[in-house]
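K.L.:
Sequence plus predicted model, see below.
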Amino acid sequence: MAVAKVIELNSSSKNGIEDAVKTGLAKCAESVKNIQGAWINDIKVVTDASGNVTEWRVNLKVTFVVV
């Protein structure tokens with residue numbers, strides 16, 4: 001029988017959503033083992049005064065197996 005746990009984290013990138021997800025998962029993997037997957041729970045953008053996107057932010061729910 002396997003037991004899984006879900007943690008929530010936020011990550012950001014100036015290069016886009018995919019980079020924000022990859023950066024968040026890579027940082028999480030430094031301390032959490034057995035990561036099985038992640039859900040993108042929320043996406044937010046930061047803009048400048050002209051409305052141009054300057055930063056992408058994602059809220060991730062990361063699932064890992066507890067050994």
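P.N.:
Here it is on my side, so go on. Numbering: from 1, shown residues only.

K.L.:
Could I get the full set of strands for the protein?
P.N.:
3-13, 35-47, 53-66 (DSSP state E).

K.L.:
List the residues that contact Asp19.
P.N.:
Residues near Asp19 by C-beta atoms under 8 Å, 6 or more residues apart in numbering: Ser13, Trp56. (Each C-beta comes from the backbone N, C-alpha and C, glycine too.)

K.L.:
again but with Thr54, I slipped
P.N.:
Going by C-beta under 8 Å, 6+ apart, Thr54 touches Lys14, Val46, Thr47, Asp48.

K.L.:
So it versus Ser31, what's the distance?
P.N.:
Distance of Thr54 to Ser31, given as C-beta to C-beta, to the nearest Å: 29 Å.

K.L.:
Could you do Ser11 as well?
P.N.:
According to C-beta to C-beta, Ser11 stands 14 Å off from Ser31.

K.L.:
Those two: which has the busier surroundings?
P.N.:
Of the pair Ser11 and Ser31, Ser11 is the one with more neighbours under other C-beta atoms under 10 Å, namely 20 against 6.

K.L.:
who does the more buried one bridge with?
P.N.:
Ser11 has these beta-bridge partners by DSSP bridges: Val58.

K.L.:
contacting residues for it?
P.N.:
So Ser11 contacts Ala20, Val21, Thr23, Gly24, Lys27, Arg57, Val58, Leu60 (C-beta under 8 Å, 6+ apart).

K.L.:
and it, how far is that from Ser50?
P.N.:
Per C-beta to C-beta, Ser11 is found 25 Å from Ser50.

K.L.:
what does Val32 give?
P.N.:
Here Val32 is placed at a distance of 39 Å from Ser50 (C-beta to C-beta).

K.L.:
cool, and Met1?
P.N.:
From Met1 over to Ser50 the distance is 54 Å, taken as C-beta to C-beta.

K.L.:
will you turn the contacts of Thr54 into CSV that also has distance to Phe64, pLDDT and neighbour count?
P.N.:
Output for those, formatted as CSV (distance: C-beta to C-beta, whole Å; pLDDT from 0 to 100; neighbours: other C-beta atoms under 10 Å):
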residue, distance to Phe64, pLDDT, neighbour count
Lys14, 28, 97, 11
Val46, 29, 98, 11
Thr47, 33, 98, 10
Asp48, 37, 97, 9
